[in-house]
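Chemist: Got a predicted structure plus its sequence, pasted below:
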Amino acid sequence: MNNTKKLTKISVLILVGLSDHSPTMNGLFVFFLLIYLMTLSINLLIIFLVLTDYHLHNPMYFFLSNLAFLDMSYSSVTAPRMLLDLVTKSRSITLPACTTQIFFFLYFASSELFLLSAMSYDRYIAICHPLHYKQIMSWKVCAYMASLIWILGCVCSLVQTIASLRLSFCGLNVIHNFFCDLPHLFQITCTSTYINAVILFIAGGTLGLGALAFTFLPYVLIFSTILKIRSKTGKLKAFSTCTSHITVVFIFYGSIIFIYFVPTTSNMFSLNKLFSVIYAIFNPLLNPLIYSLRNKDLKGAFMRSFYRFKP
């Protein structure tokens, strides 16, 4: 009888959220609502500019529009639910809804991982082989690369999500965060997570480290090429085309390493939650801001669009 009670499966989980203090929750709701609306607006603006301005019809901005779409998408997986919880104070989430959130979050985040590698390769060709750039980075090649990025992201997410379906929950059902993610499920399951951990580290070790290598290796070649440029102006111009992407890569990978590869203990819940906010909420806003604030082409496209639609 006692064993039967202990093994009663749980189908509803509880999200701790960001705060239990009502005034704080109201302030957080307004703050994160503004962040989310800005994320949607800026990323949609980038996609619109890339689609409508022929000056931006090149591989670099094709990949940037994909990045904007991914940022907008994986922010939408977590932010609306977080905002709803802040308003309604209802923290419960069904297991199927939690699994669905994990799938789409991993899908968009994994796809962004591979997209950053493709963007590094694009910068490598542009700087190290400028005379052959158009031939190598043709629209056909870009379409193949984009398709591969989305397929790999889906496969990576699907493997992890299917593996998570074997987990049972029969005791603790409290997730110490504002959204569902694999590490959170591992903390509260009553099933052995050995197989899931192996799958996570294999996927992280092969696809993740492979993406990391393909992201940073081109920059080794890029920097060696830049150092050979004699003029200071030429060096600065070449380096300036890479700084935005490098900044985005470091922020993205830094958040991933802390969330997925640093063991989460009870005294690290607050720190883990902070990095989750940076990873899931702030990154999708920071990425377009980093690119748009440093990019003359995007600023020029915005001004042309402004005057075109100005009454």
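Modeler: Cool, the structure landed.
Chemist: Relative to the whole chain's centre, how far out is the host helix or strand of G153?
Modeler: Following DSSP states H and E, one finds G153 within helix 139-164. Chain-centre distance of helix 139-164: 14 Å, with C-alpha atoms, centre = their mean, to the nearest Å.
Chemist: And it, what does it pack against?
Modeler: helix 59-88, helix 95-128, helix 182-188, helix 194-203 (3 or more C-beta pairs under 8 Å, 6 or more residues apart in numbering; DSSP states H and E). Quick note: C-beta positions are derived from backbone N, CA and C, even for glycine.
Chemist: Next, format these as a markdown table and append mean pLDDT.
Modeler: Listed next are the helices and strands packed on helix 139-164 as a markdown table, based on pLDDT from 0 to 100:
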| stretch | mean pLDDT |
| --- | --- |
| helix 59-88 | 91 |
| helix 95-128 | 90 |
| helix 182-188 | 83 |
| helix 194-203 | 80 |
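Chemist: Next, count neighbours for the closest residue to L165 other than its chain neighbours.
Modeler: Residue nearest to L165 in three dimensions, not counting chain neighbours: T99, with 6.9 Å by C-beta to C-beta, 6 or more residues apart in numbering. Other residues near T99 number 17, with proximity taken as other C-beta atoms under 10 Å.
Chemist: T99 touches R166, doesn't it?
Modeler: No - between T99 and R166 there is no contact under C-beta atoms under 8 Å: 11.5 Å.
Chemist: and R166, which of the three is it?
Modeler: coil (DSSP: H, G, I helix; E, B strand; the rest coil).
Chemist: try the one 4 residues further on
Modeler: Counting by three-state DSSP, the backbone at C170 sits in coil.
Chemist: can you tell me which residues contact the nearest residue to it once chain neighbours are set aside?
Modeler: Distances taken as C-beta to C-beta, 6+ apart put C190 closest to C170, at 4.4 Å, once the chain neighbours are dropped. For C190, the contacting residues are L7, S168, F169, C170, G171, by C-beta atoms under 8 Å, 6 or more residues apart in numbering.
Chemist: other SSEs contacting the helix or strand containing N287?
Modeler: If you go by DSSP H and E, N287 is part of helix 283-293. Counting contacts by 3+ C-beta pairs under 8 Å, 6+ apart, helix 283-293 is packed against helix 22-52, helix 59-88, helix 232-261, helix 296-309.
Chemist: rerun at 10 Å
Modeler: Counting contacts by 3 or more C-beta pairs under 10 Å, 6 or more residues apart in numbering; DSSP states H and E, helix 283-293 packs against helix 22-52, helix 59-88, helix 95-128, helix 232-261, helix 296-309.
Chemist: pretty sure T24 is in contact with F32, am I right?
Modeler: No - counting by C-beta atoms under 10 Å, T24 sits too far from F32 to count as a contact (12.0 Å).
Chemist: joint contacts of the two?
Modeler: Counting by C-beta atoms under 10 Å, 6 or more residues apart in numbering, the shared contacts of T24 and F32 are L18, L86.
Chemist: Tell me which of the two has more neighbours.
Modeler: Neighbours were counted for T24 and for F32 using other C-beta under 10 Å; F32 has more, 19 against 12.
Chemist: so how far is I102 from L200?
Modeler: Distance, L200 to I102, using C-beta to C-beta, to the nearest Å: 12 Å.
Chemist: Repeat that for F169.
Modeler: For F169, the distance to I102 - C-beta to C-beta - is 14 Å.
Chemist: intersection of neighbour lists for those two?
Modeler: Joint contacts of F169 and I102 (C-beta under 10 Å, 6+ apart) are L185.
Chemist: Point out where this protein drops to low pLDDT.
Modeler: Low-confidence segments of the chain (pLDDT under 70): 1-8, 204-205, 234-235, 237-238, 241, 261-269, 293-294, 309-311.
Chemist: Provide a list of residues in contact with the most centrally placed residue in it.
Modeler: Closest to where the C-alpha atoms of the chain average out (C-alpha atoms, centre = their mean) is A109, at 3.9 Å. By C-beta under 10 Å, 6+ apart, the contact list for A109 reads 70, 73-74, 77, 153, 156-157, 181, 252, 255-256, 259-260, 279-280, 283.
Chemist: and L49, what does it touch?
Modeler: Counting by C-beta under 10 Å, 6+ apart, L49 touches 55-56, 61, 64-65, 68, 292, 297-302, 304-305.
Chemist: Just the buried ones from those?
Modeler: Buried members of the contacts of L49, counted by 16 or more other C-beta atoms under 10 Å: L56, Y61, L64, S65, A68, S292, D297, L298, A301, F302.
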